[in-house]
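**Q** any chance you could fold what I've pasted below:
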Amino acid sequence: MNIRLNTFTKIVGLILILLIPIIVLYWFSNQTSLSVVSDEVEKSMYKDLTYFAAQTDNTAAQLSNSGLILSEDLDVRVLEFIDIATLYEQTTEKMRIEDKLRLMIASSTWDTTLSIYAPGTNTFVTSNISVQYDKELIRRNFSRAWRYTEDVHSSFRNQPRFVRYITEPFNSSLDKATLIVEVSFPATDLIKALDRFKEGGKGDPFFITPDHHVINAINADNKLQTELVNKLDMQALTQMTFSRFSLSGSEYAVSCVWMPRLGLYLVDYLPIQNVVRPITANSYLFYSLIVFLLIGSTIAAYFLYINVQVPIRELIRGVHRMKRGDYSNVNVLHPNNEFHFLLVSFNDMAKQIEQLIQNVYMEQITSRDAKLKQLQSQINPHFLYNCFSLIRSLTRLGEKETVMQLSMHLSKYYRYTTRSERQLAELREELDLVNSYLAIQAIQIQDLTYEIDVPEQFAQLELPRLILQPLVENAALHGIEPVGGGTIRIIASSDDEYNIISVEDDGIGLTEEQLVALQREIVMPPTDDKGCALWNTRQRMQLQFGTNAGLRILRRKEGGVEAQLYWPKFKDSDNDL
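**A** I've put the predicted structure just below:
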């Protein structure tokens with residue numbers, strides 16, 4: 001199927017074709033920018049996270065070294081034998097060791113507590129004077145590596161801490177150790193470190209122990225972190241620089257670093273949308289501009305369509321209608337538009353052409369009517385001669401009543417046909433004429449019968465004079481007479497749109513070829529060697545009632561021919577002459 005595109009459609013298509021590569025190129029550039037920025041931010045996040053983890057782990061390592069130094073300090077080792085000294089010497093030595101402990105933790109940024117216990121002498125020295133020695137507590141929390149615990153001394157207000165123990169001799173069991181050094185700091189120190197680290201970034205970092213104890217910042221999103229922790233595989237995550245997770249319907253970049261000294265995982269996550277928000281905002285702005293351009297282009301195209309394409313389309317339709325013989329006006333749009341002059345001029349030209357055609361047409365109709373009257377004047381005498389001959393025959397036979405009836409019908413027939421003061425007649429008058437004609441033909445054709453079935457509401461309808469008689473004459477002469485008898489019926493009916501008068505006969509009928517030729521004869525102007533009665537009948541109907549009226553010839557299933565006159569119930573004023 002060939003698709004013909006008008007100029008307007010081609011212009012709109014060209015605009016779309018030009019916009020599509022721009023949109024595709026921008027989309028590709030935008031996706032590349034998003035990918036590059038996301039990768040760089042994720043790498044930067046992992047780098048910062050690694051640095052922070054190393055710094056925190058180094059601080060914990062320094063505390064561990066402080067404990068190791070204390071366990072090897074000779075002044076501290078004195079506690080193993082302090083029971084042999086006097087009470088004054090024991091007190092002085094403890095105070096001196098306490099001062100050393102405070103001096104060692106003074107340089108630490110964490111709230112560290114150093115405690116030393118000599119089991120052999122049952123001596124306990126600590127940097128925090130509020131802490132009391134609790135052997136069972138030490139036994140429960142004993143660990144040579146840093147350990148997160150919530151089982152703490154009451155003086156620490158039940159705040160979780162990290163603890164580590166160093167024994168002398170080194171790596172000896174708790175029961176065999178002669179000196180035990182405890183190093184501890186509160187988990188709040190890590191929380192403060194997270195808060196400081198969080199201030200310089202856009203993520204929400206947190207520490208997590210291998211058994212999933214979470215240490216997070218003060219204003220952390222606990223719900224989102226819980227959702228993330230449930231999805232994390234720590235060991236697998238530490239093998240990658242970063243990973244992507246979907247949390248609460250959004251995509252997040254997640255990085256994880258293992259801190260071997262503290263035995264913690266440091267996790268940070270960042271919403272990708274926050275990172276690429278400026279690029280996304282620019283893309284939204286670009287797409288909004290594209291939409292604005294499309295809307296503007298659509299509005300401009302609409303005005304172009306209304307002001308150019310529609311008038312052109314109306315002109316084209318008017319030309320096509322003119323080619324079909326329809327000279328109705330085209331719609332005149334936009335009086336201030338340049339096409340207004342063309343449309344008005346086209347309508348004027350169409351009216352002039354139609355007027356010229358109607359003038360020629362009326363002249364042709366007048367000529368045909370004159371020819372018809374001439375033919376009728378030739379036929380009527382012949383019909384009259386036949387009637388006189390029939391009267392003579394009937395008189396010889398003594399058919400007085402038949403002669404009287406024939407004379408009456410003959411006088412009615414010629415009285416009506418010779419009247420020419422009116423072009424229209426009521427259907428009642430036409431039926432009286434037809435009734436007289438059929439009565440005469442019934443006397444000539446012995447087996448001819450006829451029926452007139454016309455409801456009273458049709459009687460006053462006006463039709464062109466002598467419009468039915470040619471159809472009835474054709475039915476009698478060409479349908480019934482060749483077979484010697486039959487029935488002619490005249491029936492009036494209507495539907496929603498049309499009035500219809502049918503003239504039916506059950507005579508000799510028509511072959512398919514004859515019917516086609518007759519239908520062609522009805523619509524084609526007659527030539528000198530062909531009759532014009534049927535063509536003239538159809539033309540007179542259309543002149544009176546418009547192009548929707550006319551004549552059609554049909555073959556009846558029962559045999560014979562049916563001729564139908566039809567016209568609209570409501571007269572089409574546009575087709576009036």
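**Q** isn't there a helix covering residue 422?
**A** No - checked against DSSP: H, G, I helix; E, B strand; the rest coil, residue 422 lies outside a helix; its state is coil.
**Q** once you drop chain neighbours, what's closest to it?
**A** Distances taken as C-beta to C-beta, 6 or more residues apart in numbering place residue 465 nearest to residue 422, at 6.7 Å, with adjacent residues excluded. Where you see a C-beta, it was placed from the backbone N, CA and C, and this is true even at glycine.
**Q** do residue 548 as well
**A** Using C-beta to C-beta, 6+ apart, the closest residue to residue 548 is residue 568 (5.1 Å).
**Q** doesn't residue 544 make contact with that neighbour?
**A** No - with contacts counted by C-beta atoms under 8 Å, residue 568 stays clear of residue 544, the gap being 11.0 Å.
**Q** looking at the two, which is more packed in?
**A** Neighbour tally, residue 568 and residue 544, criterion other C-beta atoms under 10 Å: the higher count belongs to residue 544, 19 against 15.
**Q** wait, the more buried one sits on residue 461?
**A** No - with contact defined as C-beta under 8 Å, residue 544 does not reach residue 461; the gap is 11.5 Å.
**Q** rewinding a little: which residues touch the residue nearest to residue 422?
**A** Residues in contact with residue 465 (C-beta atoms under 8 Å, 6 or more residues apart in numbering) are 422, 423, 424, 425, 430.
**Q** what about residue 319, distance to residue 349?
**A** 11 Å (C-beta to C-beta, to the nearest Å).
**Q** residue 125 in helix, strand or coil?
**A** At residue 125 the chain is in strand, as set by three-state DSSP.
**Q** next, format the contacts of residue 465 as CSV and append neighbour count and pLDDT.
**A** Listed next are these as CSV, based on neighbours: other C-beta atoms under 10 Å; pLDDT from 0 to 100:
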residue, neighbour count, pLDDT
422, 9, 70
423, 12, 75
424, 11, 83
425, 19, 86
430, 25, 88
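**Q** now, which of those residues sits nearest residue 481?
**A** residue 430 (21.9 Å; C-beta to C-beta).
**Q** quick check: nearest residue in space to that closest one, chain neighbours excluded?
**A** residue 468 (4.8 Å).
**Q** counting neighbours, what do you get for the one you found?
**A** Number of residues near residue 468 (other C-beta under 10 Å) recorded here: 23.
**Q** give the contact list for it.
**A** Contact analysis of residue 468 by C-beta under 8 Å, 6+ apart lists 430, 431, 433, 434, 490, 501, 503, 565.
**Q** farthest-apart pair in these, please.
**A** Across these, the longest distance by C-beta to C-beta is 14.7 Å; it joins 433 and 565.
**Q** when these two are compared, which one has more neighbours?
**A** The residue with more neighbours, out of residue 433 and residue 565, is residue 565; 24 against 21, by other C-beta under 10 Å.
**Q** mind checking pLDDT for that one?
**A** pLDDT, residue 565: 94.
**Q** residue 130 now?
**A** For residue 130, the predicted pLDDT is 81.
**Q** could you do residue 550 as well?
**A** On the pLDDT scale, residue 550 gets 91.
**Q** residue contacts, it?
**A** Neighbours of residue 550 in contact, by C-beta under 8 Å, 6+ apart: 538, 541, 542, 566, 567.
**Q** can you put the residues you listed in CSV and add distance to residue 272, neighbour count and secondary structure?
**A** Listed next are the contacts of residue 550 as CSV, based on distance: C-beta to C-beta, whole Å; neighbours: other C-beta atoms under 10 Å; DSSP: H, G, I helix; E, B strand; the rest coil:
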residue, distance to residue 272, neighbour count, secondary structure
538, 81, 18, helix
541, 81, 21, helix
542, 78, 16, helix
566, 77, 20, strand
567, 78, 22, strand
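**Q** quick check: residue 116 is in a strand.
**A** Yes - under three-state DSSP, residue 116 sits within a strand.
**Q** count of residues packed around the residue lying closest to it once chain neighbours are set aside?
**A** Leaving aside its chain neighbours, residue 116 sits nearest to residue 125 (4.7 Å; criterion: C-beta to C-beta, 6+ apart). Other residues lying near residue 125 total 22 when counted by other C-beta under 10 Å.
**Q** ok, residue 125 to residue 100 distance?
**A** Residue 125 is 9 Å from residue 100, by C-beta to C-beta.
**Q** swap in residue 40?
**A** 49 Å.
**Q** for the two, work out which one has more neighbours and name it.
**A** Ranked by neighbour count (other C-beta under 10 Å), residue 40 and residue 100 place residue 100 first, with 17 against 11.
**Q** so what touches the one helix or strand that one maps to?
**A** Here residue 100, judged by DSSP states H and E, is contained in helix 87-106. With contact meaning C-beta under 8 Å, 6+ apart, helix 87-106 is reached by 66, 69-70, 73, 75-76, 78-79, 82-83, 85, 112-114, 116, 123, 125-127, 129.
**Q** what does the pLDDT read for the nearest residue to residue 470 once chain neighbours are set aside?
**A** Of all residues not flanking residue 470 in the chain, residue 533 sits nearest, at 4.5 Å (C-beta to C-beta, 6+ apart). pLDDT for residue 533: 74.
**Q** how many neighbours does residue 42 have?
**A** For residue 42, the neighbour count with other C-beta under 10 Å is 20.
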